[in-house]
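[1] take this sequence and fold it.
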Amino acid sequence: MKLKTSISIILSIVFFLSCAAQEKKQTEHAKIKTVTYKKNSFITLTVDPELYDIDLYNTTDNKLSKKEILASKDELVFAINAAKKSNSSLSKGLLLKNGTIISNGDQSLDDSLFIDQKGIFLLSKNLKSIVEYSKKVKGLNPRDFLLAIESSPILVSKNEIETALKKDTAKRKLSGVGINSDGHIVFVISKKKLKYHDFASFFKKKMNCTSAIVLEEEKISYFSPKGKHASKEPVLRPMLVISKKESEEIVQPTVQEEKISDELKLVTFLNKKYIVCEIDTKKYEIELFNKNEQGKIHNFISIDKQLKAQKHIFSFNAGMYDKRKDPLGLYINKGELITDVNLQKKGYGNFYSLPPNGIFLINDKGVSKVITTDDYVKNKKKLGNIVTATQSGPMMVIKGKFNKAFNKGSTNLNIRNGIGVTEKGKIFLVISEQPVNFYEFSELFRDHLKCDNALYLDGVVSQWYAPSIKERITSRHTLGTFLTVKKK
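    Got it, this is the predicted structure:
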């Protein structure tokens, strides 16, 4: 009886801690703080746009008061005026809400000193935030953005403080917005008057922002629900309102699984079919193939002939390759480095255009990982002696989150294959049996297969082969690199 009671208590504690962890995840990036830096005091709020909504209020003739704004949002966290005040227009710079431009501004943002420092804060519909010079974002489709606010001057760009700021020695009360290295949005209000350059220094050095821009000067309106942080300025102007996203009831998708061999399953997830091969590195070995000893590119038939006596289980093409069908990035097989890691940032194709790209690897202890290329470079010494590795891109799932470049409902559909690794090191090789977009392919890896990290390997030409599936048509095409599974 005592044992049962003890177990019950332990389970209760575990449940409580689990709930607390979930609550912490919802609040850790939305706490209003007062921060002191170099004798100046600042009000700060860091927001993860995946957890919190950012809306534009008071953009029509029907202006809401502070009381009305508070009443409109159950989970409101903070509100701050969104744009520099204009006597002739809604704002001095451009304002956009839900894909529609609601004000082109009066275009008199600042004196000639900062004519080239006019910038814009953008939040896209896939929740990627940007602060950039206005002249560099011309041609973007407004329909791709939830909001846009034009202002000046730019404070920080590409992790560097704007050099022109030193020319201005005037002190003012300032508010601004920046993007930190995690991609989160940082709002800051100075409680004392200070120079632009000092404000920029706070964003970069204290808040770890790689880009930032001024929102308003002197007459700054802001408030929080409980009134702890509030200005005396009226709010009857365009306001940015930050609130916790409403929790949605999670409906588990219908999943069907059909065993087609000892190691393979046909999985139907969200009405799309996939071939799934689950690998335990204690029982199975993964080997890469590209060229044979004569320098000839492999295909499924040549691989099967070479592995006939080695219990060949499954193969599919594995990673990007160049025109000569050589690996485009890191390629290690049986401990031998064939091609070094590719650190190039610009180029043609998914490998470059949907960053980050990443690497699948196994070390000599049998530990498997899917990590970003940057993480590989930073932690190379900690990864052990790598015996197998292939570089490809884009990363689809990164530490439990989807690549921010992916759009739900995208019409970019193709046959795709990829690889994912769970927290416990279990490997899943997956190829779609029908065209899918990146987002739904990522959903399968994260939400059904429980992979914390997943890497896209190839698309369009993706093919698979399993010797145990007799009716499977074997491709004679050479597809660059191949990943093969065999029993130990």
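[2] which residues are in contact with the nearest residue to T100 once chain neighbours are set aside?
    Using C-beta to C-beta, 6 or more residues apart in numbering and skipping residues adjacent in sequence, the residue nearest T100 is P142, 6.8 Å away. From N, CA and C alone the C-beta is placed, and that goes for glycine too. Going by C-beta atoms under 8 Å, 6 or more residues apart in numbering, P142 touches L96, G99, T100, I101, A148.
[3] and what of I220?
    I80, N81, K173, L174, S175, I189, S231, E233.
[4] quick one: least confident of the residues you listed?
    In terms of pLDDT, the weakest of the contacts of I220 is E233, which scores 78.
[5] that residue contacts E218, correct?
    No: E233 lies out of contact with E218 (C-beta atoms under 8 Å); the separation is 9.2 Å.
[6] higher neighbour count, the two?
    E233 (16 against 11; other C-beta atoms under 10 Å).
[7] helices along the stretch 51-200 of the chain, start to end?
    66-72, 196-201 (DSSP state H, counting those that start in this stretch).
[8] again but with the stretch 201-350 of the chain, I slipped
    Going by DSSP H, counting those that start in this stretch, the stretch 201-350 of the chain shows helices at 300-307, 350-353.
[9] do you know which of these lies nearest D198?
    Ranking those by proximity to D198 (C-beta to C-beta) places helix 350-353 first, at 37.7 Å.
[10] give the buried residues for the closest one.
    For helix 350-353, burial by neighbour count (16 or more other C-beta atoms under 10 Å) applies to N350, F351, Y352.
[11] give me the nearest residue to P234, chain neighbours excluded.
    S221 (6.5 Å).
[12] and which of the contacts of P142 is nearest to F314?
    G99 (44.5 Å).
[13] and that closest one, how far from A148?
    Remark: distance between G99 and A148 (C-beta to C-beta, to the nearest Å) = 10 Å.
[14] ok, now L307?
    In terms of C-beta to C-beta, L307 sits 55 Å off from A148.
[15] what comes up buried for stretch 374-384?
    Applying 16+ other C-beta under 10 Å to stretch 374-384 flags D375, Y376, L383 as buried.
[16] ok, now stretch 406-417?
    F406, N407, N414, I415, R416, N417.
[17] likewise for stretch 153-171?
    In stretch 153-171, counting by 16+ other C-beta under 10 Å, buried: P153, I154, L155, V156, S157, I161, E162, A164, L165, D168.
[18] can you tell me how far the closest residue to the second one other than its chain neighbours is from N317?
    What that stands for is I154. Distance criterion C-beta to C-beta, 6+ apart; nearest residue to I154, sequence neighbours excluded, is G119 at 4.0 Å. Distance from G119 to N317, counting by C-beta to C-beta: 43 Å.
[19] could you tell me the phi and psi values at K226?
    phi -90, psi 0 (degrees, to the nearest 10).
[20] which ones are touching G480?
    N290, I297, N317, G319, M320, Y321, K325, D326, P327.
[21] where's L483, which helix or strand?
    Taking DSSP states H and E as the criterion, L483 maps to strand 482-487.
[22] okay, now the sheet partners of that strand, with direction.
    Under the criterion DSSP bridges, strand 482-487 sits next to strand 284-289 (antiparallel), strand 312-317 (antiparallel) in its sheet.
[23] Serialize the ones you listed to TSV and add fields for mean neighbour count, mean pLDDT and distance to K38.
    Supplementary listing: these in TSV, determined by neighbours: other C-beta atoms under 10 Å; pLDDT from 0 to 100; distance: least, C-beta to C-beta, whole Å:
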stretch	mean neighbour count	mean pLDDT	distance to K38
strand 284-289	20	89	53
strand 312-317	24	86	55
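[24] dump the ones you listed into CSV; add distance to Y331 as well.
    Shown next, in CSV, are these (distance: least, C-beta to C-beta, whole Å):
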stretch, distance to Y331
strand 284-289, 7
strand 312-317, 13
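[25] for K136, which of those is the nearest?
    Closest approach to K136 among the strands paired with strand 482-487 is made by strand 312-317 (37.5 Å; C-beta to C-beta).
[26] hmm, who's touching the closest one?
    Contacts of strand 312-317 from elsewhere in the structure, counted by C-beta under 8 Å, 6+ apart, are 263-264, 277, 284, 289, 300, 303-304, 417, 429, 431, 457-458, 461-468, 479-487.
[27] buried only: go through these for me.
    Buried among the contacts of strand 312-317 by 16+ other C-beta under 10 Å: 263-264, 277, 284, 289, 300, 303-304, 417, 429, 431, 457-458, 462-467, 479-485.
[28] sorry, back to before: neighbour count for G99 and A148, which is higher?
    Remark: of G99 and A148, A148 carries more neighbours, 24 against 14, as counted by other C-beta under 10 Å.
[29] how about the more buried one, what does it touch?
    Shown in contact with A148 (C-beta under 8 Å, 6+ apart): L94, L95, L96, I120, F121, L122, L123, P142.
[30] which of those residues has the most neighbours?
    When neighbours are counted by other C-beta under 10 Å, F121 leads those with 26 neighbours.
[31] any idea how far the residue lying closest to A466 once chain neighbours are set aside is from Q463?
    Among residues not flanking A466 along the chain, F314 sits closest, at 4.9 Å (C-beta to C-beta, 6+ apart). Applying C-beta to C-beta, the value for F314 to Q463 is 12 Å.
[32] try S211
    S211 is 42 Å from Q463, by C-beta to C-beta.
[33] for S315, same thing?
    From S315 to Q463 the distance is 9 Å (C-beta to C-beta).
[34] so what sits against both of the two?
    With C-beta under 8 Å, 6+ apart, S315 and Q463 have common neighbours F300.
[35] ok, S243 - contacts?
    Contacts of S243 by C-beta under 8 Å, 6+ apart are Y52, D53, D55, K73, D74, E75, L76, V77.
[36] rerun that using 6 Å as the cut-off
    D53, K73, E75, L76, V77 (C-beta atoms under 6 Å, 6 or more residues apart in numbering).
[37] for the residues you listed, point out the one with the lowest pLDDT.
    Scoring the contacts of S243 by pLDDT puts K73 last, at 79.
[38] okay, and the beta partners of the nearest residue to L215 once chain neighbours are set aside?
    In space, and not counting its chain neighbours, L215 is closest to S175: 4.6 Å by C-beta to C-beta, 6+ apart. Taking DSSP bridges as the rule, S175 bridges to I189, E216.
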